[in-house]
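Trainee: What follows is a predicted structure for the sequence shown.
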There are 2 protein chains.
Amino acid sequence: VNVLIVHAHNEPQSFNAALKDLATVELQAQGHTVQISDLYAMNWNPVASAADFGQRTRPDYLVYALEQRHGHANGTLAADILGELDKLGWADLVIFNFPLYGGTRFYDKGGLKGKRAMMTLTLGGQPHMLQAGGVHDALDDMLRPLLRGTLGYVGLTVLPPFAAYHVPYIAPEERTAMLEDYRVRLRSLDDVQPLHFPSLDQFDDKLYPR
Amino acid sequence: VNVLIVHAHNEPQSFNAALKDLATVELQAQGHTVQISDLYAMNWNPVASAADFGQRTRPDYLVYALEQRHGHANGTLAADILGELDKLGWADLVIFNFPLYGGTRFYDKGGLKGKRAMMTLTLGGQPHMLQAGGVHDALDDMLRPLLRGTLGYVGLTVLPPFAAYHVPYIAPEERTAMLEDYRVRLRSLDDVQPLHFPSLDQFDDKLYPR
């Protein structure tokens, strides 16, 4: 079958790169065809911006998802994106090969302990799609690597996210009402119960539960 | 108090930007001081690379986390990073203001249905830290926006991740053994049970559970 390996590591001599090399050799030996997208070597630009579209339906106002559909239908996406889409279309199996960086001081031993953080986000989906039992399950679980794995990790006290749902599809009055809800939230930040993360006191010095 | 708003949206006229503007005005009216990091306007570079370090302990081999510590201790991090660290140090509250993009075809109606994907990752942490009840809880939950929110979302059949733990701290023989484990995984991809995601058949056309 056709295998695409998407490799993202900033050190070509790393063990992570050795995993990519092993997969290449092993899968070729099994008779598969392998292509590699080495994102650092390609100087891949991960920022989703207006530069991704050669021609736009609305040059005055960028709705990224809309321009993606238009650009895909008309083949006017940026060349680097078209190239990767071609590889994805070709591939039967995609392997994503990358590191997770860590640290030694986290949660209530994190460097930003004592500060607070909140995520404010807009999304196209509706509340019933992002709650327990919904099609994507709870929003906080989907945001977990940010809420816990990033903000909580570095010691921040994390307030529940403020989410503005269904934004591209609603009437201006509804958006105005959302701004008002946000104002209320901003006036009651001290009353909001932060998310709960473990304390390192619950774990021994090798991070096994006590 | 001091509030830093980290804003990331590619359309300055968006509702998302209106939330950022409202927070600025409202928090200033409450007597707080507000700084804004408008990442798109700053042309912020999100790629973690060797360019982030003005001076390195190991110029021949990049260990990102190690150079972060060294660069932070010696003030030799790149100027854009130092600038944001200064703002973080100043802030009592950090608000992250950004969109989540979505789509209309996902999971078993996704555009890449019929293809498979697998994540292969290296990390500094150990297995007991990334399992249920461990300090970071289960790895698959931490990776959820990728496993489910990205790969499963676009219709891919997602195999369980292959994780190489504790990589920077182990002996070469252990790394060799990991490569061998990976080879075994690569030879048995067809036998691995994929992760389970919802079928859209379980939901009606408004995405309420049937």
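Mentor: Received it, and whenever you're ready, just let me know what you need.

Trainee: ok but A:Ser37 is inside a strand, no?
Mentor: Yes: using DSSP: H, G, I helix; E, B strand; the rest coil, the secondary structure at A:Ser37 is a strand.

Trainee: Spit out the contact partners of it.
Mentor: When contacts are counted by Cβ atoms under 8 Å, 6 or more residues apart in numbering or on different chains, A:Ser37 touches A:Leu4, A:Ile5, A:Val6, A:His7, A:Trp44, A:Glu84, A:Lys87. (Each C-beta comes from the backbone N, C-alpha and C, glycine too.)

Trainee: what about 7 Å?
Mentor: Listed by Cβ atoms under 7 Å, 6 or more residues apart in numbering or on different chains, the contact partners of A:Ser37 are A:Leu4, A:Val6, A:His7, A:Glu84, A:Lys87.

Trainee: Surely A:Asn97 forms part of a helix?
Mentor: No: if the criterion is three-state DSSP, then A:Asn97 is strand and not within a helix.

Trainee: Just grab the bridge partners of it for me.
Mentor: As for beta bridges, A:Asn97 partners with A:His7, B:Thr120 under DSSP bridges.

Trainee: So for it, what's the pLDDT?
Mentor: On the pLDDT scale, A:Asn97 is placed at 97.

Trainee: now do A:Pro168
Mentor: Turning to A:Pro168, the model gives it a pLDDT of 89.

Trainee: Report how many residues lie close to it.
Mentor: By other Cβ atoms under 10 Å in any protein chain shown, 14 other residues sit near A:Pro168.

Trainee: Tell me how far it lies from B:Phe106.
Mentor: A:Pro168 sits 16 Å away from B:Phe106, taking Cβ to Cβ, to the nearest Å as the criterion.

Trainee: do A:Thr157 as well
Mentor: From A:Thr157 to B:Phe106 the distance is 33 Å (Cβ to Cβ).

Trainee: So which of those two has more stuff around it?
Mentor: B:Phe106 (21 against 18).

Trainee: and the residue nearest to A:Val47 when sequence neighbours are not counted, how far is that from B:Pro172?
Mentor: Distances taken as Cβ to Cβ, 6 or more residues apart in numbering or on different chains place B:Pro46 nearest to A:Val47, at 6.7 Å, with adjacent residues excluded. Using Cβ to Cβ, B:Pro46 is found at 33 Å from B:Pro172.

Trainee: cool, A:Leu82 as well?
Mentor: Note on A:Leu82: its distance to B:Pro172, by Cβ to Cβ, is 41 Å.

Trainee: can you map out the helices along chain A?
Mentor: A:15-29, A:64-74, A:79-90, A:139-142, A:144-146, A:172-187 (DSSP state H).

Trainee: Is it possible to get JSON lines of those helices that adds mean pLDDT?
Mentor: Shown next, in JSON lines, are the helices of chain A (pLDDT from 0 to 100):
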{"stretch": "helix A:15-29", "mean pLDDT": "97"}
{"stretch": "helix A:64-74", "mean pLDDT": "95"}
{"stretch": "helix A:79-90", "mean pLDDT": "97"}
{"stretch": "helix A:139-142", "mean pLDDT": "95"}
{"stretch": "helix A:144-146", "mean pLDDT": "95"}
{"stretch": "helix A:172-187", "mean pLDDT": "97"}
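
Trainee: thinking again about what came up before, out of the contacts of A:Ser37, who's nearest B:Lys20?
Mentor: Nearest to B:Lys20 among those: A:Glu84, at 30.7 Å, using Cβ to Cβ.

Trainee: What is the neighbour count of that closest one?
Mentor: The number of residues packed around A:Glu84, counting by other Cβ under 10 Å, is 16.

Trainee: got it, and A:Thr176?
Mentor: Other residues within reach of A:Thr176, judged by other Cβ under 10 Å, total 11.

Trainee: ok, now A:Tyr208?
Mentor: 12.

Trainee: Give me the phi and psi angles of it.
Mentor: phi -80, psi 150 (degrees, to the nearest 10).

Trainee: how many other residues sit next to the nearest residue to A:Arg105 once chain neighbours are set aside?
Mentor: Distances taken as Cβ to Cβ, 6+ apart place A:Gly111 nearest to A:Arg105, at 5.9 Å, with adjacent residues excluded. When neighbours are counted by other Cβ under 10 Å, A:Gly111 registers 16.

Trainee: A:Gly111 and B:Gln126, how far apart?
Mentor: Using Cβ to Cβ, A:Gly111 is found at 21 Å from B:Gln126.

Trainee: next one: A:Asp137
Mentor: The gap separating A:Asp137 from B:Gln126 is 28 Å, by Cβ to Cβ.

Trainee: Same question for A:Gln30.
Mentor: Distance from A:Gln30 to B:Gln126, by Cβ to Cβ: 31 Å.

Trainee: For the two, indicate the residue with more neighbours.
Mentor: Taking neighbours as other Cβ under 10 Å, A:Gln30 and B:Gln126 compare with B:Gln126 leading, 17 against 13.

Trainee: what residues are up against A:Ala132?
Mentor: Counting by Cβ under 7 Å, 6+ apart, A:Ala132 touches A:Ala138.

Trainee: Quick check: pLDDT value at A:Gly102.
Mentor: Listed pLDDT for A:Gly102 reads 77.

Trainee: B:Thr122 is in contact with that one, correct?
Mentor: No: in this structure A:Gly102 lies outside contact range of B:Thr122 using Cβ atoms under 7 Å: 10.5 Å.

Trainee: Counting neighbours, go ahead and name the busier of those two.
Mentor: A direct count of neighbours by other Cβ under 10 Å for A:Gly102 and B:Thr122 places B:Thr122 higher, at 25 against 16.

Trainee: mind listing what the more buried one touches?
Mentor: A:Phe15, A:Asn16, A:Pro99, B:Ala164, B:Val167.

Trainee: Of the residues you listed, just say which sits nearest to B:Ala65.
Mentor: A:Pro99 (9.5 Å).

Trainee: Distance of A:Leu62 relative to A:Pro172?
Mentor: According to Cβ to Cβ, A:Leu62 stands 19 Å off from A:Pro172.

Trainee: So between these two, which is more surrounded?
Mentor: A:Leu62 (20 against 8).

Trainee: With adjacent residues omitted, what lies nearest to that one?
Mentor: Spatial nearest neighbour of A:Leu62, chain neighbours left out: B:Glu11 (4.1 Å); criterion: Cβ to Cβ, 6+ apart.
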